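*Asks:* just need the structure, nothing else, for what follows:
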Amino acid sequence: GRELERQLMPVLAGAPFGAHLVRAGSLFWISLQDAPPPRAAEQIDDAVVVARYRPIFHGLLDRGIALPPSAYESGFLSLAHTPAHIARLCDALGDVFASMAPTP
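*Replies:* Modelled structure (predicted):
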């Protein structure tokens, strides 16, 4: 989880909109709001989050990386994931962000 955080934070900082990593151990979620990550489901801006997640999900899938299909689901790391896998995710996500226009 720490390796994911180390590699992913600079990528999220380069997103064309607010993107924040929420992590507890090997469980992670990317908050796609400009505001700080929500502490309750009611604080999620559904329309914005869904619109932002859709191209990310499909862009990563096109690059051979499968994240959960919903913007509200968490990802899980396992012992099978190596720093190289995490680097591949970060590189692909950076490519996806570069292809996206900024959104409100």
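*Asks:* for this structure, just list every one of the strands.
*Replies:* Along the chain, counting by DSSP state E, strands occupy 20-24, 27-31, 75-76.
*Asks:* list the buried ones in the second one?
*Replies:* By neighbour count, with 16 or more other C-beta atoms under 10 Å as the criterion, the buried positions of strand 27-31 are Phe28, Trp29, Ile30, Ser31. Every residue, glycine included, has its C-beta placed from N, CA and C.
*Asks:* let me have the strands of the chain in JSON lines, extended by mean pLDDT.
*Replies:* Converted to JSON lines, the strands of the chain look like this (pLDDT from 0 to 100):
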{"stretch": "strand 20-24", "mean pLDDT": "96"}
{"stretch": "strand 27-31", "mean pLDDT": "96"}
{"stretch": "strand 75-76", "mean pLDDT": "95"}
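*Asks:* quick one: closest of those strands to Gly94.
*Replies:* In terms of C-beta to C-beta, the element of those nearest to Gly94 is strand 27-31, at 13.2 Å.
*Asks:* pull the residues that contact the closest one.
*Replies:* Identification of contacts with strand 27-31 by C-beta atoms under 8 Å, 6 or more residues apart in numbering yields 1, 4, 12, 18-23, 37-38, 49, 73-77.
*Asks:* for the residue nearest the centre of the chain, give its distance to Arg63.
*Replies:* When C-alpha atoms, centre = their mean is applied to the chain, the residue found nearest the centroid is Ile30 (4.0 Å). Distance, Ile30 to Arg63, using C-beta to C-beta, to the nearest Å: 16 Å.
*Asks:* same deal with Asp34?
*Replies:* Distance, Asp34 to Arg63, using C-beta to C-beta: 25 Å.
*Asks:* now swap in Ala98 and tell me
*Replies:* According to C-beta to C-beta, Ala98 stands 12 Å off from Arg63.
*Asks:* repeat that for Pro83.
*Replies:* Using C-beta to C-beta, Pro83 is found at 18 Å from Arg63.
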